[in-house]
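Asks: sequence-free structure coming up:
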């Protein structure tokens, strides 16, 4: 018999056992008032993640992969099995609030035109994770973001476009994309648009998915009605907010850098190549290659 649930929560894990434990504890509290299911898709972690889930969280539906198949493929496995009216893509390095699920369900139910919603995503220091509300990265927006012009001219509608710094962070508004750490998605929209593009291994898949939702006529909304905490980059080990928590090896960090820049190039080629002159395309691809070399160089120090 088909079981109708309000929410399916999907977490992809890779060597983030302690953070995942805290995340699941927060889910246990937040999910008390709703009908839900929780999936953990483990990408062959070596830190005992699977044993933790089996021994302490037997209410979780655990999917164990024999290798690290990436974020997109792992999420897609669980989405295919999910029975919820809504799908929450959630990172293991997050903590949800007691009211997060109920408030997000109420919000999404009141906005028929949207496919995806996200809440306020905070870093451990209380500041906004600026990636939780973004415009799509056109060449200009990417240039101002990577060059630092967006920081110099913060809150400028010309220079601070990518992370929408010109819009107050406690104001509800439409966005182009949110972050894969917290994506509250209608299952009905997924059936129309499709799953994550599995060409994206790690990074970029959230932007691409949101692009496809927008192209299908849906809206994506950021709302500060509730919030979560995000220990950003714990799996990759290349983000300052969680560098002290990460167990990523130097090889894992190199893989994260390479996949992040590959995602930039893939997103551009998929969605922008036909929209810009060849000279712009050449400049973008060259810039991505140089950025990759710079980030790899930084890992040495």
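Replies: That came through fine. From a predicted model like this one, the values you see are computed outputs, not experimental measurements.

Asks: poorly predicted segments of the stretch 201-301 of the chain, please.
Replies: The stretch 201-301 of the chain contains residues with pLDDT under 70 at 235-246.

Asks: for it, which segments count as strands?
Replies: 219-230 (DSSP state E, counting those that start in this stretch).

Asks: give me the pLDDT value at residue 4.
Replies: We note a pLDDT of 76 for residue 4 in this prediction.

Asks: gap between it and residue 85?
Replies: Noted for residue 4: a distance of 7 Å to residue 85, by CB to CB, to the nearest Å. From N, CA and C alone the C-beta is placed, and that goes for glycine too.

Asks: comparing those two, which shows the higher neighbour count?
Replies: residue 85 (17 against 9; other CB atoms under 10 Å).

Asks: wait, that one sits on residue 34?
Replies: No: using CB atoms under 8 Å, residue 85 is not in contact with residue 34; the gap is 10.5 Å.

Asks: now for those two: what residues contact both?
Replies: Counting by CB atoms under 8 Å, 6 or more residues apart in numbering, the residues touching both residue 85 and residue 34 are 6-7.

Asks: got the domain boundaries for the protein?
Replies: 5-133+169-245, 249-301 (automatic domain parsing).

Asks: for the stretch 1-150 of the chain, what are the low-confidence residue spans?
Replies: Short version for the stretch 1-150 of the chain, where the test is pLDDT under 70: 1-3.

Asks: all helices for it, in order.
Replies: Along the stretch 1-150 of the chain, the segments classed as helices by DSSP state H, counting those that start in this stretch run 17-30, 49-56, 71-81, 100-109, 139-147, 149-152.

Asks: now the stretch 151-300 of the chain
Replies: Under DSSP H, counting those that start in this stretch, the stretch 151-300 of the chain gives helices at 187-193, 205-215, 250-271, 278-298.

Asks: the ones you listed: which one's closest to residue 143?
Replies: Ranking those by proximity to residue 143 (CB to CB) places helix 278-298 first, at 7.7 Å.

Asks: list the buried residues in the closest one.
Replies: 280-281, 284, 287-288, 291-292, 295 (16 or more other CB atoms under 10 Å).

Asks: same question for stretch 145-153.
Replies: Buried, per 16+ other CB under 10 Å, within stretch 145-153: 145-146, 150.

Asks: and residue 177, what is it in contact with?
Replies: 134-136, 206-207, 210-211, 220.

Asks: ok, what's across the strand from it?
Replies: residue 134 (DSSP bridges).

Asks: so for it, what's the pLDDT?
Replies: The predicted local confidence for residue 177 is 98.

Asks: ditto for the one 10 residues further on
Replies: Model confidence at residue 187, given as pLDDT, is 97.

Asks: so it touches residue 82, yeah?
Replies: Yes: the pair residue 187 / residue 82 is scored as a contact, 7.0 Å apart, by CB under 8 Å.

Asks: tally of neighbours for residue 259?
Replies: 19.
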